[in-house]
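>>> Have a look; sequence and predicted model below, questions after that.
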Amino acid sequence: MRCLVTGATGYIGGRLAPRLLDAGHEVRCLSRSAARLRDVPWHARVDVAEGDLTDPSSLGPALEGIEVAYFLVHSLGRRDFESVDRRAASCFAAACAAAGVRKIVYLGGPDPGSRASAHLRSRTEVARILHDSGVPTVVLRAPVIIGSGSASFEMLRYLTERLPAMVTPRWVDNQIQPIAVRDVLAYLIAAASLPAGSYDIGGADVLSYAEMMRRYARVAGLRRRIIVPTRVLSPALSAHWVGLVTPVPNSIARPLVASVVHEAVADDREIRRLVPQVSPVGFDTAVRLALCKIRNADVETRWSSAAGGDAAAEPLPSDPDWSGGTVYVDERCREVDAPVEALWRVIEGVGGENGWYSFPLAWSVRGWLDKLVGGVGLRRGRRDRHRLRVGEALDWWRVEEIVPGSLLRLRAEMRVPGRAWLEMRATASAGGGSVYRQRAVFLPRGLGGHAYWASVLPFHGVVFSGMARNIASRAAALGKGA
């Protein structure tokens, strides 16, 4: 079958596309920027169409000749995500009908009825819009998804690992039927041949969120967690706490917490009858598989890959009108007693567990301050310990451009009054050595932006000079050990 995958740069879409290929389907991926898929290992096997789900004129060419269209996008993390998703679903539904698409497949969430959170209410509305398109539509309703890199799993993982004892809201006793991401993907592939309709999907176990934390601790080899439910913590306070303790920012933690406030037990009898070849694994197995992927640095996609928009959509400008023509730049250059290959290994390995090679306390404090004002903070880490791709998150940065062996450009996603970039370059020099060039660029927005740059300028001399010096030293050490 000829399949279109929307959301191919996201968590589920980025895993579904290669599995559809392996199942013998032809795959076209829709993205606002083709560059976002440039570095994925299956890029050469798919057709990439550039388009925007809220722009009807761009959808016709993408859907030409398509038999099954997967709608796997959402705008979670935006204040206006309900209206954006409503428009995207409406445009997509109309375009599918006009293009003669035979089936739409949508991955939604459980429907708790009138008590639904804004997140689940939006998922239900999108499902209705797609069903009303006139195109046969299959909706899979999944509760909490357990898999390496999923936002729900990251929330569970960090809460459990960092808090051996915790006072929790009452909703931790609600019943949930978590499902492994591998089973979600298997159901999505099978959905291409299912009759139109809505189907609940779930894993083999039904358990409370508190029990999920206790069982995670057991699988991960941690001591038993002490959990004390209380009436005091509202969903809003819970979300704020999740945003501080885990890498998941408040903007995403809020709708996730609001969703698990309601019980989510799947009535999956029908899907099991229609798709008997999928035998969902239990919670412990799902956690074990996810932790194995993390420990082996084999995480295919992460929730943060889809957050933050298209990395290549707005390249580093020189002097936009809103900055008043002002560009602040901090540049550093160092000769490195190491081949360019060793220097590049250090550059591509920055962030995450390796840190930023300068003044860790300052980076940590800045990350906490960003978290306190609702930003992403410094704990998103890396998908892979050694390799980066265009568009993926790296702590509070987003990879905007990467030229292997030569250039890494990062765009800041912390809360600042302006836009910021960090460039790191490696070039070969005579005698087998190399040169490291580092450039931080800040475009201030209004008076607050200028004041911000002035306030952090004293720290840049310490942070950025130390970063350049330590990266050069680390590369030299690697070069000698090669």
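Thanks, I have the structure now.
>>> Please make it C-alpha for all contacts and neighbour counts, starting now.
Will do.
>>> these two touch, right, R419 and P444?
Yes. Using C-alpha atoms under 8 Å, R419 is in contact with P444, at 6.7 Å.
>>> Of those two, give the one with the bigger neighbour count.
Ranked by neighbour count (other C-alpha atoms under 10 Å), R419 and P444 place P444 first, with 26 against 19.
>>> Can you check the pLDDT for that one?
Looking at P444, its pLDDT stands at 89.
>>> Quick check: nearest residue in space to it, chain neighbours excluded?
Counting by C-alpha to C-alpha, 6 or more residues apart in numbering, G418 is the residue found nearest to P444 once chain neighbours are left out, at 4.4 Å.
>>> So what's the residue count around the one you found?
Around G418 there are 18 residues (other C-alpha under 10 Å).
>>> same deal with L222?
Neighbours of L222 (other C-alpha under 10 Å): 14.
>>> now it: how far from K293?
L222 is 18 Å from K293, where distance means C-alpha to C-alpha, to the nearest Å.
>>> distance between the helix ranked longest in the chain and the chain's centre?
The longest helix of the chain (DSSP state H) is helix 446-481. Relative to the chain's own centre, helix 446-481 is displaced by 27 Å; criterion: C-alpha atoms, centre = their mean, to the nearest Å.
>>> Who are the packing partners of that helix?
Secondary-structure packing of helix 446-481 (3 or more C-alpha pairs under 8 Å, 6 or more residues apart in numbering; DSSP states H and E): strand 328-336, helix 340-348, strand 434-444.
>>> quick one: low-confidence ranges for the stretch 351-482 of the chain?
Filtered on pLDDT under 70, the stretch 351-482 of the chain yields the residue ranges 482.
>>> Let me have the helices and strands packed on helix 446-481 in TSV, adding distance to L16 as columns.
Listed next are the helices and strands packed on helix 446-481 as TSV, based on distance: least, C-alpha to C-alpha, whole Å:
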stretch	distance to L16
strand 328-336	41
helix 340-348	27
strand 434-444	37
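>>> Surely I271 touches S198?
No. If you go by C-alpha under 8 Å, I271 and S198 don't touch, sitting 9.4 Å apart.
>>> Tell me where the model's unsure across the chain.
77, 112-116, 231-241, 243, 250-251, 254-255, 258-262, 306-325, 482.
>>> could you pull out the helices for it?
13-22, 59-63, 81-99, 118-131, 151-162, 181-191, 209-219, 235-245, 250-260, 269-274, 283-295, 340-348, 360-372, 446-481.
>>> and the angle from the longest one to helix 340-348?
I take that to be helix 446-481. For helix 446-481 against helix 340-348, the angle by axes from the mean of the first three to the mean of the last three C-alpha atoms, to 10 degrees is 140 degrees.
>>> How about the contacts made by A264?
A264 makes contacts with 110, 112, 143, 175-177, as judged by C-alpha atoms under 8 Å, 6 or more residues apart in numbering.
>>> Now find how far off-centre stretch 274-282 is within its chain.
On C-alpha atoms, centre = their mean, the centre of stretch 274-282 falls 27 Å from that of its chain.
>>> ok, back up a step: how about the helices and strands packed on helix 446-481, which one is nearest L361?
Closest to L361 of these is strand 434-444 (C-alpha to C-alpha; 19.5 Å).
>>> and the angle from the closest one to strand 328-336?
170 degrees.
>>> Output strand 434-444 as CSV - backbone C-alpha positions only.
The C-alpha atoms that make up strand 434-444 are tabulated as CSV, following Å, rounded to 0.1, in the frame of the first residue of the first chain:
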residue,chain,number,x,y,z
SER,A,434,42.8,21.6,13.9
VAL,A,435,41.1,24.8,14.8
TYR,A,436,38.1,25.2,17.0
ARG,A,437,35.8,28.2,16.4
GLN,A,438,32.9,29.0,18.6
ARG,A,439,30.3,31.7,18.1
ALA,A,440,27.4,32.7,20.3
VAL,A,441,24.8,35.0,18.6
PHE,A,442,22.0,36.9,20.4
LEU,A,443,19.3,39.0,18.7
PRO,A,444,17.6,41.0,21.4
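>>> which parts of that strand are buried?
434-444 (16 or more other C-alpha atoms under 10 Å).
>>> In terms of residue numbering, what are the domains of the chain?
Split into domains by automatic domain parsing, the chain comes to 1-140, 142-303, 317-481.
>>> now do the same end-to-end measure for the second one.
One end of domain 142-303 sits 16 Å from the other (C-alpha to C-alpha).
>>> can you give me the offset of that domain from its chain's centre?
For domain 142-303, the distance to the chain centre is 16 Å (C-alpha atoms, centre = their mean).
>>> got it, and the last one?
The chain centroid and the centroid of domain 317-481 are separated by 20 Å, computed with C-alpha atoms, centre = their mean.
>>> let's number from 400 now, not from 1
Taking 400 as the first residue, the last one we looked at is domain 716-880.
>>> For E799, the count of nearby residues, please.
Neighbour tally, E799, other C-alpha under 10 Å: 27.
>>> next one: the one 4 residues further on
The number of residues packed near P803 is 15, by other C-alpha under 10 Å.
>>> Skipping its backbone neighbours, what lies nearest it in space?
W743 (7.9 Å).
>>> residues touching the one you found, list them.
Counted by C-alpha under 8 Å, 6+ apart, W743 has contacts 803-805, 825.
>>> Same question for V525.
Counting by C-alpha under 8 Å, 6+ apart, V525 has contacts 484-485, 488.
>>> Can I get those residues in JSON lines including neighbour count and distance to L655?
Converted to JSON lines, those look like this (neighbours: other C-alpha atoms under 10 Å; distance: C-alpha to C-alpha, whole Å):
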{"residue": "D484", "neighbour count": "21", "distance to L655": "16"}
{"residue": "R485", "neighbour count": "19", "distance to L655": "19"}
{"residue": "A488", "neighbour count": "24", "distance to L655": "21"}
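>>> between those residues, which is nearest L452?
A488 (7.7 Å).
>>> My understanding was that that closest one contacts L529; is that so?
Yes. At 6.6 Å, A488 counts as touching L529 under the criterion of C-alpha under 8 Å.
>>> just to revisit the earlier point, so the residue nearest to P803 versus M400, what's the distance?
42 Å.
>>> What is the burial count for G860?
G860, neighbours per other C-alpha under 10 Å, totals 12.
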